[in-house]
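>>> Predicted model and sequence below, questions to follow.
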Amino acid sequence: MSDLWRRCLERLEGELSAEDLHTWLMPLQAREDADGLQLYAPNPYTLDVVRDRYLPRIEAVLTLLSGQSLFVRLEVGSSAIAPVNGRHTPPPKPSPSAGVAEAAALNFHHNLDPHYTFETFVEGKSNQLGKAAAMQVAQNPGRAYNPLLLYGGTGLGKTHLMHAAGNLMREHNPGFKVLYLRSEQFVGSMIEALRTKSMDEFKRRFRSVDALLIDDIQFFAGKDTTQEEFFHTFNALFESKQQIILTCDRYPKEVDKLEPRLKSRLGWGLSVAIEPPDFETRAAILLAKAHDKSVKVSEDVAMLLAKRIRSNVRDLEGALNTLAARANFYGRPITTDFAEETLRDLLATHAQAVTVPNIQKIVAEYFGVRLQDLLSKRRVRSLARPRQIAMALSKELTEHSLPEIGEAFGGRDHTTVLHACRTIRKLCETDTRMRQDWEQLIRTLTG
Ligand SMILES: Nc1ncnc2c1ncn2[C@@H]1O[C@H](COP(=O)(O)OP(=O)(O)OP(=O)(O)O)[C@@H](O)[C@H]1O
């Protein structure tokens with residue numbers, strides 16, 4: 001069986017009933033080839049059901065798994081034998097009388113993940129602005145903010161929000177043509193178009209959509225021809241008020257080898273940072289994901305995982321999936337003991353990354369002070385503030401007690417550490433600069 005298809009089935013296993021999976025998807029045979037994935041249905045009836053009910057979802061999953069836009073062809077037959085009656089599933093052909101717009105709409109195959117919606121997105125301080133902006137764009141495409149750019153570290157929900165916006169646009173207007181693709185797919189399509197001398201078609205394809213969603217545009221860095229082409233596509237869409245939504249793993253101005261004129265265009269709309277979620281949001285996301293997957297997880301377990309896994313939501317979700325699979329396999333409930341035991345190695349890896357000496361070193365580097373000064377008794381402000389931040393980070397990111405942290409900072413009293421934690425928390429609420437420093441340090445330490 002094609003490995004990709006096997007992984008696709010595994011993913012769909014969590015979403016479809018066992019009966020549907022066995023009746024419609026398991027009987028399909030798959031073959032990967034240069035053009036994409038060929039699926040063979042045992043009979044025309046299965047083919048029709050798969051095409052009508054499951055094909056968009058299959059394509060969305062395959063795109064997510066393979067990282068590229070895969071063309072899926074459905075035929076009656078088997079992967080070992082040639083197709084028996086050659087029934088293909090091209091998108092329905094428009095009648096000769098259909099207008100151009102109608103034809104385009106009929107041929108258009110959106111590839112949004114239907115599970116990524118605003119309803120399944122848990123809001124917290126870290127992503128509030130991003131969510132609000134994505135919703136406004138979805139409610140008023142091409143007019144609210146264009147482009148909308150969501151940026152931030154990996155696994156924080158940028159792709160989720162982007163799909164949610166696309167899904168909401170289509171909910172309001174089912175004919176709306178939303179095209180989602182990762183930036184590598186854009187590059188791949190362009191190279192293919194250049195190779196086959198079909199740039200006109202490439203241009204038409206990207207400019208005929210109502211909303212273009214491109215993920216991870218940092219991959220455009222250093223690819224001059226792609227940037228040039230994207231620049232023109234951008235201008236064409238922007239001028240005719242078609243919506244553009246982009247994501248990037250950092251603020252685009254900080255991406256090296258991205259053309260200045262492109263960077264400037266990206267700043268025309270709204271750029272919103274998606275920050276790593278705080279403890280409460282991480283716990284809430286876990287409980288929501290567990291609920292979606294019908295996995296029984298107590299608040300204690302959610303809090304344990306949220307406390308120990310701070311890197312990103314994807315890692316958190318991965319831990320939950322592992323727990324669910326093991327609990328199911330052993331027929332055991334997910335208690336905190338079971339979670340500790342099952343995820344021992346994973347939790348240790350996350351704990352290892354953040355140690356008090358590591359925090360002290362990173363904070364000293366960040367503020368340009370010497371480590372020995374940070375740990376000294378000197379009370380000048382230029383040292384006192386970084387020291388307080390390092391103490392507060394140690395409390396936030398490690399399991400050490402206040403006295404232990406005090407000890408690690410040149411033998412200070414635990415009340416000094418407590419005071420540092422309170423001061424920094426207050427400052428984070430009132431001082432933007434402080435909050436940015438805090439978040440940046442958390443990113444560096446847990447990323
Ligand atoms: N606030 C949230 N609520 C619910 N799920 C979330 C939230 N944030 C992230 N997730 C989930 O975490 C996983 C990773 O998110 P996503 O793929 O959107 O991250 P990303 O920021 O686009 O990362 P990358 O830059 O690596 O592509 C997804 O399954 C997504 O549903």
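Yes, it's here.
>>> Please make it C-alpha for all contacts and neighbour counts, starting now.
OK.
>>> This structure: strands as residue ranges?
In the chain, the strands defined using DSSP state E lie at 29-33, 36-41, 72-76, 148-151, 178-182, 211-215, 243-248, 270-273.
>>> For the stretch 251-400 of the chain, just list every one of the helices.
For the stretch 251-400 of the chain, the helices defined by DSSP state H, counting those that start in this stretch occupy 260-266, 279-292, 299-308, 313-330, 336-342, 344-353, 356-367, 371-374, 381-397.
>>> other SSEs contacting the fourth one?
Of the remaining helices and strands, those touching helix 313-330 by 3 or more C-alpha pairs under 8 Å, 6 or more residues apart in numbering; DSSP states H and E are helix 279-292, helix 299-308, helix 336-342.
>>> Repeat that for the last one.
Other helices and strands packing on helix 381-397, by 3+ C-alpha pairs under 8 Å, 6+ apart, are helix 356-367, helix 371-374, helix 402-408, helix 414-430.
>>> For Ser294, find the nearest of these.
For Ser294, the closest of the helices and strands packed on helix 381-397 is helix 414-430, at 35.9 Å, according to C-alpha to C-alpha.
>>> circling back to that earlier point, point out the most buried one among the helices of the stretch 251-400 of the chain.
Counting by mean count of other C-alpha atoms under 10 Å, helix 381-397 has the highest mean neighbour count of those, with a mean of 21.
>>> gap between Gly157 and Pro277?
10 Å (C-alpha to C-alpha, to the nearest Å).
>>> Residue numbers of the stretch 201-350 of the chain in contact with the ligand?
Proximity of the stretch 201-350 of the chain to the ligand is confined to Asp249, Ile285, Val313, Arg314 under the rule C-alpha under 6 Å from any ligand atom.
>>> Make a markdown table out of the helices of the stretch 251-400 of the chain and add mean pLDDT.
What follows is the helices of the stretch 251-400 of the chain, written out as a markdown table (pLDDT from 0 to 100):
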| stretch | mean pLDDT |
| --- | --- |
| helix 260-266 | 91 |
| helix 279-292 | 94 |
| helix 299-308 | 92 |
| helix 313-330 | 90 |
| helix 336-342 | 94 |
| helix 344-353 | 79 |
| helix 356-367 | 94 |
| helix 371-374 | 94 |
| helix 381-397 | 94 |
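>>> residues near the closest residue to Lys203 other than its chain neighbours, how many?
Spatial nearest neighbour of Lys203, excluding adjacent residues (C-alpha to C-alpha, 6 or more residues apart in numbering): Thr233 at 7.2 Å. Residues lying near Thr233 (other C-alpha atoms under 10 Å) number 16.
>>> In contact with Thr233, which residues?
Counting by C-alpha atoms under 8 Å, 6 or more residues apart in numbering, Thr233 touches Lys203, Phe206, Arg207.
>>> follow-up on the earlier one: what about Gly157 and Pro277, which has more around it?
Between Gly157 and Pro277, counted using other C-alpha under 10 Å, the more crowded position is Gly157 (26 against 23).
>>> The more buried one: what's it in contact with?
Ile274, Val313.
>>> ok, now Tyr251?
Contacts of Tyr251 (C-alpha under 8 Å, 6+ apart): Tyr151, Gly152, Ala273.
>>> how about low-confidence regions in the stretch 51-200 of the chain?
Applying pLDDT under 70 to the stretch 51-200 of the chain flags residues 79-110.
>>> For it, what lies in contact range of the ligand?
Proximity of the stretch 51-200 of the chain to the ligand (C-alpha under 6 Å from any ligand atom) is limited to residues Thr120, Phe121, Val122, Glu123, Thr154, Gly155, Leu156, Gly157, Lys158, Thr159, His160.
>>> Check these and tell me the two furthest apart.
Farthest pair in these, by C-alpha to C-alpha: Thr120 and Thr154, 18.6 Å.
>>> the more surrounded of those two?
A count of neighbours by other C-alpha under 10 Å puts Thr154 above the other of Thr120 and Thr154, at 19 against 15.
>>> Need the phi and psi values for the more buried one.
Dihedral pair for Thr154: phi -70, psi 150, per degrees, to the nearest 10.
>>> pretty sure it is touching Asn312, no?
Yes: with contact defined as C-alpha atoms under 8 Å, Thr154 counts as touching Asn312 (7.0 Å).
>>> Verify the stated contact: Gly406 with His414.
Yes: applying C-alpha under 8 Å, one finds Gly406 in contact with His414, separated by 5.4 Å.
>>> between the two, who's got more neighbours?
Gly406 (20 against 16).
>>> Leaving out the residues flanking it, which one is nearest to the more buried one?
Distance criterion C-alpha to C-alpha, 6+ apart; nearest residue to Gly406, sequence neighbours excluded, is Arg412 at 4.4 Å.
>>> outside of stretch 135-146, which residues touch it?
So stretch 135-146 is contacted by 118, 133, 148, 165-166, 168-169, 172, 211, 238, 241-245, 268-270 (C-alpha under 8 Å, 6+ apart).
>>> Run through the residues that contact Thr226.
Val187, Met190, Phe220.
>>> Tell me, what's the model's pLDDT at it?
Per-residue confidence (pLDDT) for Thr226: 91.
>>> Also the one 3 residues further on?
Per-residue confidence at Glu229 stands at 92 (pLDDT).
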